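[1] quick one: sequence plus predicted model below, questions after.
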Number of protein chains: 2
Amino acid sequence: MFLETGTLGALTVTPAATAVFTMVLTEGPLSRVSLARRLGLSSAAVTKAARPLIETGYLRELAATKRTGLGAGRPASPLAVRADREFFAGVKITEDELIGVVCDLRAEIRTSAHRPLAGDGVDAVVNTLGELVGELLDGPGGYRHRTRRLGLAISGDVDRTTGLVRYSPFLKWRDVPLMEHAAKITGLTVTVENDVKALTTAEHWFGEGVGAESFALVTVGTGIGCGLVVNGRMVSGAYGVAGEIGHIGVDMAGPSCHCGGRGCVEAIAGTHAIVRQARDHSDLPDMSIDDAVALARGGDQQIRAVFARAGHAIGSGIAAVANLVGPDRIVVSGEGLAAYDLFEAHIRTGFERQAFGAAVQCSLSIRPLPFEEWARGAAAVSIQSLVAP
Amino acid sequence: MFLETGTLGALTVTPAATAVFTMVLTEGPLSRVSLARRLGLSSAAVTKAARPLIETGYLRELAATKRTGLGAGRPASPLAVRADREFFAGVKITEDELIGVVCDLRAEIRTSAHRPLAGDGVDAVVNTLGELVGELLDGPGGYRHRTRRLGLAISGDVDRTTGLVRYSPFLKWRDVPLMEHAAKITGLTVTVENDVKALTTAEHWFGEGVGAESFALVTVGTGIGCGLVVNGRMVSGAYGVAGEIGHIGVDMAGPSCHCGGRGCVEAIAGTHAIVRQARDHSDLPDMSIDDAVALARGGDQQIRAVFARAGHAIGSGIAAVANLVGPDRIVVSGEGLAAYDLFEAHIRTGFERQAFGAAVQCSLSIRPLPFEEWARGAAAVSIQSLVAP
DNA sequence: GAGTAATAATTTCCTTCGTCAAGTATTGAT
DNA sequence: ATCAATACTTGACGAAGGAAATTATTACTC
């Protein structure tokens, strides 16, 4: 059972306590004094803020560390997160499948599972979701009794504050109150977030974006998306549109895009676009993306050129992000990067050519991510909702 | 002389007082109750916060307004800014000229003046600046004794917190501590800011951007720049690069740009680029931008097409901003818009074609601004520095 | 015109958060 | 052992903002 009183959500979380917990959570073990310095608080305030967090089991004091460098001084007892204090379920909803994970407080994946989806009806999806979450929590590991929160990640237009899916293109949902449905069937506190934003949150709090004031994550796949953190906050867009790097026009003479634009990054470098272009250069009328990758790897120069052009377009779009908002770091990821070897160099050269001035200094990590990362993103959002509801 | 004790900068500004003053300053007269509602404070807190602001002369209580609508209730006594409580000098530094204004607390221009610059040496510019500010403050109007702050706006890479001009391409300055120089020669408290950011600040606090959580201002001229406010805060860029809309690549086959990129907006739609393209379509080898505008207005279809293409490129770049950060509103301005009539429709169609989904709802104001607006931007930054130092 | 409902502003009291300053804890160096 | 250095804790205090009661002012009703 839960520790009687204290759940962070129910604790009287003072601003200082929130700041302390967030910083320990995201930036690893830190002593009270260094927390005070970094947060602009007095060390007394940190001591006081930390106490209830330790008492409720969210933080623990590590063994005193040996003093470094010259001379004396009492050794610090760094505060660390008790990762197993609470667990968080996360599920990514795709067109044809649910991918679920259970993460600890540090967003480490403890277990995962997935289920195919029969149809796109809300009830069917919600029922499958209930089964999947049940399997995750009641299976080995015994996570059930320490899990109160579930995060969902879904592509499309999502209102995180209300948990409403305004529009989901793949599932053809409109205005589905997914938070309510999921809360009812699982009994958990549910957060719903756009999938790219969820992945960005995970990377910002627990991955390569840690410590960055501004940060971007670009996903490459069927669609090309981007999550954006500026001045420490997620960018959402006044009209629900943000991070649509895939529909930046990078080629006035390029192919027209389903969005109505021309030369959109996605119309050049999205999976469908690559397949279409590859078909033009081959005699396989029903070529798949895997075929195209195989041919390119096999040395087909024309198809390699398709990937090169796609990489350039992506790099150019990323440069647009760097030129406009100037993030500290950019991570490029997504299932499209299974063809990592065909893309990476071209993304980089496209970026370097088009990034203005000092923006080229922005570090670009290009790496494929396992598919569970999307579900981990959902869990990360639910961790975030514990700290900052 | 100054009102003895109270300057806002010296006042113990509680968070609530800052919030109240900022909101009254930017969103016009408001009653205490509506301030409380909008700021999430108790009305008691607003009463308390407002008192010292009234006592020091920064706010005034307007006459009680008639109740609107049905029924009864004590009429509100809205709080308004006393615009003439304090004045602010603002100077825009260009390649060959200084443009100066004096603004009141509401950033209304009270007087203006300008001086040509002889050379680009720091001393010469600073001395001329001193003369200009002296002329503005000691001339008619008697602003001297109520002016303590001076804002400077200059294109290039500026560190606002230290007032250091890291790099100014036009003046060829590097690491010039302009704040110190200007403070010494004028005796005023000086803020230095990038010119586009200054203009954006003015528009965000006192112009069309008022009330917007996120806002963009695009300037069209020799360069094409963009100031960006996201989640209420100016975007600065981790490496000093932000808002470089002019170097987004919108045409992979376009002309190469001095920045090393290809098909940059600026390489298509910057003043120099337009002149270059217009020359290609005419037999005037030393055509100026004014000639090009005149020919286009005269009906020269080829040169009109140059402006059309430029407008499209700008619209496409603006769409990139809308797709990525999704601002509430966008203002397009700058000296290049003297050719407003040739541009506007094409900027709009370029934007509408390339803006994704609901991003087209973002309102686009396209309008030329008088040149003093740049100096007003500088003054607006110094007003902002009074409130949030 | 008195009474009443409605809204605005203020006052008083109180809680709470975080700082300050003093004190305790723990180490290495002399 | 003593001292200097650093980490942490404690308790008193002050300032900020909230809750609730109070005052202020209006329109509407009868």
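    Everything's here; your move.
[2] rounded mean pLDDT for the helix or strand containing A:I330, please.
    Assigned by DSSP states H and E, A:I330 falls within strand A:329-333. For strand A:329-333, mean pLDDT rounds to 96.
[3] pull up the pairing partners for that strand, direction included.
    Here strand A:329-333 is paired, per DSSP bridges, with strand A:215-220 (parallel), strand A:363-366 (parallel).
[4] which other residues reach that strand?
    A:199, A:203, A:207-209, A:212, A:215-220, A:314, A:318, A:321-322, A:347, A:362-369, A:373 (CB atoms under 8 Å, 6 or more residues apart in numbering or on different chains). Bear in mind the C-beta positions are built from the backbone N, C-alpha and C, glycine included.
[5] out of the residues you listed, which end up buried?
    Burial by neighbour count, 16 or more other CB atoms under 10 Å in any protein chain shown: within the contacts of strand A:329-333 this picks out A:199, A:203, A:207-209, A:212, A:215-220, A:314, A:318, A:321-322, A:347, A:362, A:364, A:366, A:368-369, A:373.
[6] C-terminal to the strand holding A:I330, what's the next element?
    Next along the chain after strand A:329-333, taking DSSP H and E as the criterion, comes helix A:340-354.
[7] report the buried residues of that next one.
    Quick answer for helix A:340-354 (16+ other CB under 10 Å): A:L342, A:F343, A:E344, A:H346, A:I347, A:R348, A:G350, A:F351, A:R353, A:Q354.
[8] in the stretch 101-250 of chain A, which spans are helices?
    For the stretch 101-250 of chain A, the helices defined by DSSP state H, counting those that start in this stretch cover A:122-138, A:178-186, A:195-206.
[9] so which of these gets nearest B:K172?
    B:K172 lies closest to helix A:195-206 among these, at 38.9 Å (CB to CB).
[10] by contact count, what packs against the closest one?
    Judged by 3 or more CB pairs under 8 Å, 6 or more residues apart in numbering or on different chains; DSSP states H and E, helix A:195-206 is in contact with helix A:15-26, strand A:87-93, strand A:147-154, strand A:215-220, strand A:224-230, strand A:233-234, helix A:372-387.
[11] tell me what the shortest one is packed against?
    When you say that, I think you mean strand A:233-234. Looks like strand A:233-234 contacts helix A:195-206 (3+ CB pairs under 8 Å, 6+ apart).
[12] can you pull the residues of chain A lying near DNA strand D?
    A:31-34, A:43-44, A:47-48, A:50, A:67, A:71-78 (CB under 7 Å from any atom of the strand).
[13] repeat that with 6 Å
    Residues of chain A found near DNA strand D (CB under 6 Å from any atom of the strand) are A:31-33, A:43-44, A:47-48, A:71-74, A:76-77.
[14] ok, the closest residue to A:A253 other than its chain neighbours - how many residues close by?
    Spatial nearest neighbour of A:A253, chain neighbours left out: B:A253 (5.8 Å); criterion: CB to CB, 6 or more residues apart in numbering or on different chains. B:A253 has 11 neighbouring residues, counting by other CB atoms under 10 Å in any protein chain shown.
[15] distance of B:A253 from A:H312?
    12 Å (CB to CB, to the nearest Å).
[16] how about A:K172?
    From A:K172 to A:H312 the distance is 33 Å (CB to CB).
[17] contacts only, for the residue in the stretch 101-250 of chain A that DNA strand C sits nearest to.
    Scanning the stretch 101-250 of chain A for proximity to DNA strand C using CB to the nearest atom of the strand identifies A:G232 as nearest, at 17.5 Å. Each residue near A:G232 by CB under 8 Å, 6+ apart is listed here: A:E213, A:S214.
[18] so for it, what's the pLDDT?
    Reading off the model, A:G232 has pLDDT 94.
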